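**Q** please find the sequence and the predicted model below.
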Amino acid sequence: MLENILIDALVTGLPLIPVFLGVYIVLRIREDFDLTVEGSFALGGSVAAIMIAAGIPPALAMLAGAASGATAGLVTTLLSLALRLPVLLAGLVMNMALFSITLRVLGMPTVSLSGATTIFTAIAPAPGRAADLATSLVLALIVVAILTAFAVFLKTRLGLALRASGVNARMVRSQGVSDRGMLALSLIMSNALSAFGGTLMVQMQGYADVNMGSGIFVAGVGAVLLGVLFVNPSGSQVIRIAVAVLLGGLLYRLILVAALRFGLPAGDLRGVTALTLVVAVAAQAYLAPALDRYGIRLRGWRRRARPSSPGESHGVIPMEASHG
Amino acid sequence: MAEPMLRLDDVRLVYNRGRVDEVHALRGVELSLQPGEFVTVVGSNGAGKSSAVQVISGGARPSSGRVRLNGVDVTNWPDYRRAGLVARVFDDPRIGSAPELSIEDNLALALDRGRRRTLRFALSGARRRLLRERVARLGLGLEDRLHDRVGLLSAGQRQSLTMIMAGLTAPRVLLLDEHLAALDPATAQRVLALTAELVTEMGCTTVMVTHNMDHALRMGDRLLVMSRGRIIHDIPHAGKSGLTVAGVVDLITGSGDVVSDRSLLADLETQEAPK
Ligand SMILES: Nc1ncnc2c1ncn2[C@@H]1O[C@H](COP(=O)(O)OP(=O)(O)OP(=O)(O)O)[C@@H](O)[C@H]1O
Ligand SMILES: [Mg+2]
């Protein structure tokens, strides 16, 4: 039972880790909300599914899927800058537009990949559990490679500029960094990652669905908050950032899978997602300080204990959409 | 005479043009600073000192007039594009650094000011050594805390760090807008000494806005008095040495403005009483 829950959580959770990483970039590094990721997830998955169904090598299809997400992120940036829309609103608009585009790409609401060659084709003949294990191993390799590449990127001069850009735009500009450029970079990266997650998901589940991205943003926020609660990386601790995303994402999936296994109807899953988010926020805001009184420390809390000043707001949920 | 490092030609700046709250923050500012020149700027609240700094740094685009840096017309350059030439220290210590990042990350960010942000590592062994050595000069023990988040530092430590960051790339122009305003007197003295040291060392053209008349007189080799969006007095070194704090106050109040420095009375007492 427990083993099944764990493997299910891995198989269904690992494809989402790139998506959650994308949510992390915008939510924690930029302190903003970008709903485009929902549309990008479905778009990337659909682009890859159509190409894979047509017999194109999966690696190429996945690249194309990620590129479609990057393009969506670029368009959101342009909308936000040209029309002076907050990213939240630009992303909302894009999310709707991407639904229609994804439907056009698919040509029908769902496209099956049965019989097509995916990255998992080689391991498909294995018997039930063994195949699941092999699948999660392949996924884990890909996800760890992405997280590592991302952590290394954050250590570069460009990555450092990105890390600095969210909280304090004036400071970053005075250091010669264009904050518009950093907005573009963050949205392009996060949507490319989300779309890449979509390409993993369609291959794992064997079909693409026009609605597959719906709800994934809130799931990402919940996962990120969970990860932050336990690992709490500062802006300079890039390895911890990667760990927080991985841990939060898998924990979030574990909660969902366990709820399913214990007999919750699938329709209630969104409720569980919402609850996870609320609990993660509440734990940061109320539980941790209360536990601290008894000498029990959750990592996510310590720095929130000091009264925060306007220039130093590092609350998990930004109250204002930063926008230049 | 050599090409000036900084030149403002009839610079005007209007906020909220056409609205009821339209403000003429700058009404024709003319200024020419030679390389290495150090000016202090005084004037009452709302005189336009910060606006002038904004126009030089690129934070605000003038409504009319030209801004030239080192002979290049930069009027239409955004602030981040000017950052290679112009370094800036803000009045609020929290603005000049990123609280979520470590001290060394903040310094590394400043080390690449004005250069393309590439995919090379932000911190190499050589860079770490350089940064550690620079920070050690502060004498605040920060060189042993390079991994600490900047948000943990005090206002004085943070402003000192910002000064070091400003000096890392040897800017041509250094803008200091009331950069001691948030500091207690002892810390302000220390950061002021650091300022003098860095400016001398880099030989950069420096504009220092202050409400402290004593600092305005002691620092720099030229004094500008601003009022209502204009420079109303431009006092060269020779004229400056003969001035007293009371004299500067007279120059400002002579324009009908109210002097804004609360510490001024105390200053006046200590400086004028012995006579
Ligand atoms: N962003 C802005 N929007 C609208 N008006 C502004 C803005 N910034 C400054 N002003 C106005 O422009 C005028 C000049 O302001 P500025 O900040 O340059 O004065 P200052 O000399 O720096 O004053 P202080 O000593 O108080 O810092 C003031 O009337 C101010 O209210
Ligand atoms: Mg000012």
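**A** Ah, there it is. Ligands and ions are numbered 1, 2, ... in the order given.

**Q** can you tell me the SS state at the residue lying closest to residue B:219 once chain neighbours are set aside?
**A** Sequence neighbours aside, residue B:40 is the residue nearest to residue B:219 in space, at 5.5 Å (criterion: Cβ to Cβ, 6 or more residues apart in numbering or on different chains). C-beta: built from backbone N, CA, C; applies to glycine. Following DSSP: H, G, I helix; E, B strand; the rest coil, we place residue B:40 in the strand state.

**Q** can you name the residue of the stretch 151-300 of chain A nearest ligand 1?
**A** residue A:170 (12.3 Å; Cβ to the nearest ligand atom).

**Q** and what of the stretch 51-200 of chain B?
**A** residue B:51 (3.3 Å).

**Q** what sits against that residue?
**A** By Cβ atoms under 8 Å, 6 or more residues apart in numbering or on different chains, the contact list for residue B:51 reads B:13, B:25, B:26, B:60, B:229.

**Q** now it: closest residue in space that isn't a chain neighbour?
**A** Computed as Cβ to Cβ, 6+ apart, the closest residue to residue B:51 that is not its neighbour in sequence is residue B:25, at 4.0 Å.

**Q** did I read that right, that neighbour in a helix?
**A** No - looking at residue B:25 with three-state DSSP, it is strand, so not inside a helix.

**Q** measure it to residue B:226 for me?
**A** Noted for residue B:25: a distance of 11 Å to residue B:226, by Cβ to Cβ, to the nearest Å.

**Q** now the common contact residues for these two.
**A** Common contacts of residue B:25 and residue B:226 (Cβ under 8 Å, 6+ apart): residue B:48.

**Q** returning to that earlier point: and the average pLDDT for the host helix or strand of the residue of the stretch 51-200 of chain B closest to ligand 1 is what?
**A** Using DSSP states H and E, residue B:51 falls within helix B:49-57. Averaged over helix B:49-57, pLDDT sits at 96.

**Q** number of nearby residues for the residue of the stretch 151-300 of chain A closest to ligand 1?
**A** Neighbour count of residue A:170, defined by other Cβ atoms under 10 Å in any protein chain shown: 17.

**Q** elements contacting the helix or strand encompassing it?
**A** Using DSSP H and E, residue A:170 sits within helix A:169-174. Judged by 3 or more Cβ pairs under 8 Å, 6 or more residues apart in numbering or on different chains; DSSP states H and E, helix A:169-174 is in contact with helix A:157-165, helix A:179-205, helix B:79-82.

**Q** ranking those by burial, who's on top?
**A** When you average the neighbours per residue for each of the helices and strands packed on helix A:169-174 (mean count of other Cβ atoms under 10 Å in any protein chain shown), helix A:179-205 leads with a mean of 26.

**Q** pLDDT on the helix or strand just after that helix, on average?
**A** Downstream of helix A:179-205, the first helix or strand assigned by DSSP H and E is strand A:207-209. Mean pLDDT, computed over strand A:207-209, is 96.

**Q** buried residues of strand A:207-209, list them for me.
**A** A:207, A:208, A:209 (16 or more other Cβ atoms under 10 Å in any protein chain shown).

**Q** can you list the low-confidence ranges for chain A?
**A** Across chain A, the ranges flagged by pLDDT under 70 are A:124, A:288-324.

**Q** residues of it that sit close to chain B?
**A** Chain A comes close to chain B at residues A:153, A:155-161, A:163-164, A:167-168, A:170-179, A:234-236, A:303, A:309-312, A:314, as judged by Cβ under 8 Å from any Cβ of the partner chain.

**Q** hmm, back to that, ok, of the contacts of residue B:51, which one's closest to residue A:31?
**A** Distance ranking of these against residue A:31, using Cβ to Cβ, places residue B:60 first at 24.5 Å.

**Q** neighbours around that closest one, how many?
**A** Residue B:60 is flanked by 18 other residues according to other Cβ under 10 Å.

**Q** pull up the gap between it and chain A, please.
**A** Going from residue B:60 to chain A by Cβ to the nearest Cβ, to the nearest Å gives 12 Å.

**Q** need the phi and psi values for that residue.
**A** phi -130, psi 140 (degrees, to the nearest 10).

**Q** doesn't residue B:53 make contact with it?
**A** No - using Cβ atoms under 8 Å, residue B:60 makes no contact with residue B:53, being 9.2 Å away.

**Q** for residue A:86, give me phi and psi.
**A** According to degrees, to the nearest 10, residue A:86 has phi -60, psi 150.

**Q** around chain A, pick out the residues from the stretch 151-275 of chain B.
**A** By Cβ under 8 Å from any Cβ, the residues of the stretch 151-275 of chain B that approach chain A are B:151, B:165.

**Q** so, low pLDDT: which residues of the stretch 151-275 of chain B?
**A** The model of the stretch 151-275 of chain B has pLDDT under 70 over residues B:256-275.

**Q** the strands in it, which residues?
**A** Per DSSP state E, counting those that start in this stretch, the stretch 151-275 of chain B carries strands over the ranges B:173-177, B:205-209, B:222-227, B:230-236.

**Q** contacts for the third one, please.
**A** Taking Cβ under 8 Å, 6+ apart as the criterion, the residues outside strand B:222-227 that touch it are B:31, B:37-44, B:47-49, B:52, B:216-217, B:231-237, B:239-240, B:243, B:248, B:251-252, B:255-257.

**Q** switch to 7 Å and redo it
**A** Residues outside strand B:222-227 that contact it (Cβ atoms under 7 Å, 6 or more residues apart in numbering or on different chains) are B:37, B:39-43, B:47-49, B:216, B:231-237, B:240, B:251-252, B:255, B:257.

**Q** these, buried ones only, as a PyMOL selection?
**A** Burial among the contacts of strand B:222-227 is assessed by 16+ other Cβ under 10 Å; the matching PyMOL selection reads:
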select buried, chain B and resi 37+39+40+41+42+43+47+48+49+216+231+232+233+235+240+251+252+255+257
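
**Q** now do the contacts for the spatially most central residue of chain B.
**A** In chain B, the residue lying closest to the centroid (Cα atoms, centre = their mean) is residue B:176, at 0.9 Å. Neighbour list for residue B:176: B:89, B:195, B:206, B:207, B:208, B:209 [criterion: Cβ under 7 Å, 6+ apart].
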